[in-house]
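1. give me coordinates for this.
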Amino acid sequence: MSDAAHAHDDHGHHAHPTGIMRWLTTTNHKDIGSLYLWFSLIMLFTAGSMALLIRSELFEPGMQLMHPDFFNQLTTMHGLIMIFGVIMPAFTGFANWQVPLMIGAPDMAFPRMNNWSFWLLPVAGIMLLGSFWLPGGAVAGGWTMYPPLFIQGGVSYDLTILAVHIMGLSSIMGSINIITTILNMRAPGLTLMKMPMFVWTWLITAYLLIATMPVLAGAVTMLLTDRNFGTHFFNAAGGGDPVMFQHIFWFFGHPEVYILILPAFGIVSQIIPTFARKPLFGYASMVYATGSIAILSFIVWAHHMFAVGMPVSAQLFFMFSTMLIAVPTGVKVFNWVATMWKGSMTFETPMLFAIAFVCLFTIGGFSGLVLAMAPVDIQLQDTYYVVAHFHYVLVSGALFSIFAGIYFWLPKWTGHMYNETLGKVHFWLSVIGMNIVFFPMHFLGLAGMPRRIPDYALQFTEFNQIATVGAFIFGFSQLIFLVLVLKTIKGGAKASDRVWEGAQGLEWTVPSPAPYHTFETAPVVK
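-> Numbers count the residues shown, from 1 in each chain. A predicted model of the protein is given here:
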């Protein structure tokens, strides 16, 4: 009903609200999924432009564009927004769209709570960004919010703590919703071990979120009381311990990095079987590997803290447990490669991003293995090697899988095919730009360039210039993606009922164990 003035239709039922009210009050999982994805895209361009400002300042030594304090505000905000405003909302958007469809549920279990958990996010995002205009500017203490840096500072620090609380609340509600939906609303006969991999990865991710977000809330609440109410949890002068904050923060923070990558594993596990035209290799081992990663993620947190001076026994424990978590991750990479092995592969844009994910995420995994070695990590701590490592995991890992998922499901969501040529241009520019910006950072880090600094010694100039050029290639190529998405929503070739069914035959929409019959040998139904 287009005219909102007609509050009742012919049968006296209340008509659905239209315009802005439709989006403010919607309880439809598809609408809410779209809202999450749009929010994520806006924040991607916001935090991305911060990254381009950072790289512009670092194009050559000396101070060019900004005050050092503003540089530090940019690094903090870039990190917080990319994690809580881009990657997590995008994956939650995928969950809202796909989980009910994949398990045969009519909607999410708690539709009203679903609406609320989304609308908390723009509020928190506005609070974070608004802190730039407060006295003293945004937080310059790093996204990790370490004391003592975070115990000083103006009201923007309190605002940031509140924003983090609100985003955590949103995540917890979203996770309760996802777990309840998956456990209680599956179609009859859809056992847990028949669920699509994407549903499995989100089920496990949601448990991680519920377990860790309250820990983060506790840490930032103690920071808040240290700042405003005279407590001394992290203030050494009052008998507190700033290193205790790091333990609490990273007990949240390490499972968080798996929260940022497990849904990516799920998306890639849907895409690769589709374009290899084979069922996923080793479905059960994929499920167990995902579960193992989730459990192990809770016992590796202090590998972020090798430089604080912990006992050798603790260093050994965290070093070995960190190396151990590489095993289930390696199982997954093996399974993806084995799925592609001898498949009838075609290379549409989603598959290109998925293959780039497997190759480049593995590089990020290997540099993580390097950093797991305590003696190596103490040398590389807080250098650009660490920056290179986690950007390979989060850009070519999480972000590329988000691109892959959008190209994969956009035809289903809009009814239109995207422009394949534009998609491939976006892919190649993104992959080339991403490697130009982050690969040289390994060398910078090995040579000793510290991170989070606006100026540097002359010998680091060339690699920084290469990285900055790559950043602009990567950043501006995302405008192609924006154009492509808008064009696809507006119109284009009509998508068929089974979008990715290639000339070669079967599309594995659900890469669970293969059905007993292929279409060639299916029994004739009388």
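2. neighbours around Gly62, how many?
-> For Gly62, the neighbour count with other CB atoms under 10 Å is 9. (Glycine included, C-beta is placed from N, CA and C.)
3. sec struct for it, please.
-> Here Gly62 is recorded as coil under DSSP: H, G, I helix; E, B strand; the rest coil.
4. which one is it nearest to, not counting chain neighbours?
-> Asp455 (6.3 Å; CB to CB, 6 or more residues apart in numbering).
5. okay, and the helix or strand of this structure with the least pLDDT?
-> Ranking every helix and strand in the chain by mean pLDDT, DSSP states H and E puts helix 20-25 at the bottom, with a mean of 94.
6. buried residues in the helix or strand just after that helix, which are they?
-> Downstream of helix 20-25, the next assigned helix or strand under DSSP states H and E is helix 29-57. For helix 29-57, the neighbour count (16 or more other CB atoms under 10 Å) marks 29, 31-37, 39-41, 43-44, 46-48, 50-55, 57 as buried.
7. output the contacting helices and strands for helix 29-57.
-> The elements that helix 29-57 packs onto, with contact taken as 3 or more CB pairs under 8 Å, 6 or more residues apart in numbering; DSSP states H and E, are helix 20-25, helix 68-81, helix 88-103, helix 111-130, helix 400-414, helix 461-490.
8. and the gap between the closest residue to Lys487 other than its chain neighbours and Leu486?
-> Nearest in space to Lys487, with sequence neighbours left out and distances taken as CB to CB, 6+ apart, is Asn419 at 6.3 Å. Per CB to CB, to the nearest Å, Asn419 is found 11 Å from Leu486.
9. okay, these two: which has more neighbours?
-> Between Asn419 and Leu486, Asn419 has the larger neighbour count (other CB under 10 Å), namely 18 against 9.
10. wait, what's in contact with that one?
-> By CB atoms under 8 Å, 6 or more residues apart in numbering, Asn419 lies in contact with Leu484, Lys487, Thr488, Gly492.
11. helix/strand/coil for the closest residue to the third one other than its chain neighbours?
-> The spatially closest residue to Thr488, leaving aside those adjacent along the chain, is Tyr418, at 4.3 Å (CB to CB, 6+ apart). Three-state secondary structure (criterion: three-state DSSP) places Tyr418 in coil.
12. count of neighbours near Tyr418?
-> Using other CB under 10 Å, Tyr418 has 25 neighbouring residues.
13. surely it meets Leu410?
-> Yes - taking CB atoms under 8 Å as the definition, Tyr418 is a contact partner of Leu410 at 5.6 Å.
14. can you list contacts of stretch 24-39?
-> 17, 22-23, 85, 89-90, 92-98, 100, 107-108, 111-112, 114-115, 118-119, 121-122, 125, 406, 413.
15. just the buried ones from the residues you listed?
-> Buried by 16+ other CB under 10 Å: 23, 85, 89-90, 92-98, 100, 107-108, 114-115, 118, 121, 125, 406, 413, out of the contacts of stretch 24-39.
16. and the gap between Val485 and Phe403?
-> Here Val485 is placed at a distance of 10 Å from Phe403 (CB to CB).
17. typed the wrong thing, it's Pro61
-> According to CB to CB, Pro61 stands 34 Å off from Phe403.
18. which of these two has more neighbours?
-> Per other CB under 10 Å, whichever of Pro61 and Phe403 has more neighbours is Phe403, with 24 against 15.
19. OK, contacts around the closest residue to the more buried one other than its chain neighbours?
-> In space, and not counting its chain neighbours, Phe403 is closest to Phe353: 5.0 Å by CB to CB, 6+ apart. By CB under 8 Å, 6+ apart, Phe353 lies in contact with Ile271, Phe400, Ser401, Phe403, Ala404, Tyr407, Phe427.
20. buried residues in the strand or helix carrying the last one?
-> So that's Phe427. With secondary structure defined by DSSP H and E, Phe427 is part of helix 420-446. Buried positions in helix 420-446, judged by neighbour count with 16+ other CB under 10 Å: 422-423, 425-427, 429-431, 433-445.
21. circling back: what about the least confident helix or strand of the chain, distance to the chain center?
-> In this view, helix 20-25 has its centroid 26 Å away from the chain centroid, taken as CA atoms, centre = their mean, to the nearest Å.
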